[in-house]
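**Q** structure for this input, please:
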Amino acid sequence: MAGPIEQFEVKPLVEFGTVNVPVLGEQVIAITNSHVAMTIAFAGVVGFLALATSGAKVVPGRMQAAGESLFGMVDNLANSIIGHEGRKYFPFAFTMFLMVLSMNLLGMFLTFTATSQLAVTVTLGLISFLTVVVVGLVKNGVGFLKLFWPAGAPLLLRPVVGLIEFVSFLLRPATLALRLFGNMLGGHVALKIFAQFVVQLGAVAIVTGGLAYAFIPVAALSLGMVVAMTALEFLVAFLQAFVFTVLTCIYLNDVVNLGDGH
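**A** Predicted structure coming up:
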């Protein structure tokens, strides 16, 4: 039986040959299971939005109601955190939420979870981080640097506190990436381990017989854990997308309402 880590291995499905990349050397160009998972997640988001918005009615159907619920949740989130300019940044926040959520949920049905790959979560974290930097520079110009000069701190401590704030700011993409990566990786590893207990203990009991039948209650307990953890993983998949969006909105608020909140 495959080990609990094998499910996270990136495997080429269709190869197109190799190319020599400076510094990195020879690299294989291929469509991998990671590409396929992210493409399916993207298609799922587009399909969901198409179904939720097509033929909109005053009395919404199930799909329209689900779309309006998610739309309203992220819209309220952006407005409550960023303030009166929250609607301007809603499309970005909503896109990030749906993409992270779709990749998380898709991993519950496929053998590969895109957000369990650090390369994917780092990319998402960098997209969020660079968007904040660009918005901050465009909106505030050189005043963007006030983010690292805390006016409320004593004058002598401002350079030290400012340095801490600067380092903390640079670590934002890493914290976004590691939080999402760690939660999705850990949950799927635990699910795989308990699922293996069910199969292995049940097989030993059936094949060996005798005293080995005592393993059946343990296998049943492991099966109960798998069911409970599966339900928990669906909740975690949603919560991690929500947390990622909340932090993105908080970081945008720092530069949109620089120095005065909202």
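**Q** please make it C-alpha for all contacts and neighbour counts, starting now.
**A** Noted.
**Q** okay, now the unreliable bits of the stretch 51-200 of the chain?
**A** The model of the stretch 51-200 of the chain has pLDDT under 70 over residues 56, 58.
**Q** okay, helices next: where are they in it?
**A** 62-82, 86-106, 118-140, 158-170, 172-208 (DSSP state H, counting those that start in this stretch).
**Q** tell me which of these sits nearest to A241.
**A** Of all the helices of the stretch 51-200 of the chain, helix 86-106 sits nearest to A241, with 5.1 Å by Cα to Cα.
**Q** which elements pack onto the closest one?
**A** In terms of contacts (3 or more Cα pairs under 8 Å, 6 or more residues apart in numbering; DSSP states H and E), helix 86-106 is packed against helix 33-53, helix 62-82, helix 215-256.
**Q** check which helices and strands the longest one sits against.
**A** The helices and strands touching helix 215-256, judged by 3+ Cα pairs under 8 Å, 6+ apart, are helix 62-82, helix 86-106, helix 118-140, helix 172-208.
**Q** returning to that earlier point: now tabulate the helices of the stretch 51-200 of the chain in TSV and tack on distance to T39 and mean neighbour count.
**A** TSV is the format used below for these (distance: least, Cα to Cα, whole Å; neighbours: other Cα atoms under 10 Å):
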stretch	distance to T39	mean neighbour count
helix 62-82	20	17
helix 86-106	9	20
helix 118-140	13	18
helix 158-170	29	15
helix 172-208	19	18
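**Q** nearest to G224, out of these?
**A** Here helix 172-208 is closest among the helices of the stretch 51-200 of the chain (Cα to Cα), at 9.3 Å.
**Q** coming back round to it: so which of the helices of the stretch 51-200 of the chain is nearest E15?
**A** Here helix 118-140 is closest among the helices of the stretch 51-200 of the chain (Cα to Cα), at 19.9 Å.
**Q** about what we covered before: I'd like the helices of the stretch 51-200 of the chain written out as a markdown table, with distance to L221 added.
**A** Output for the helices of the stretch 51-200 of the chain, formatted as a markdown table (distance: least, Cα to Cα, whole Å):
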| stretch | distance to L221 |
| --- | --- |
| helix 62-82 | 35 |
| helix 86-106 | 25 |
| helix 118-140 | 32 |
| helix 158-170 | 44 |
| helix 172-208 | 8 |
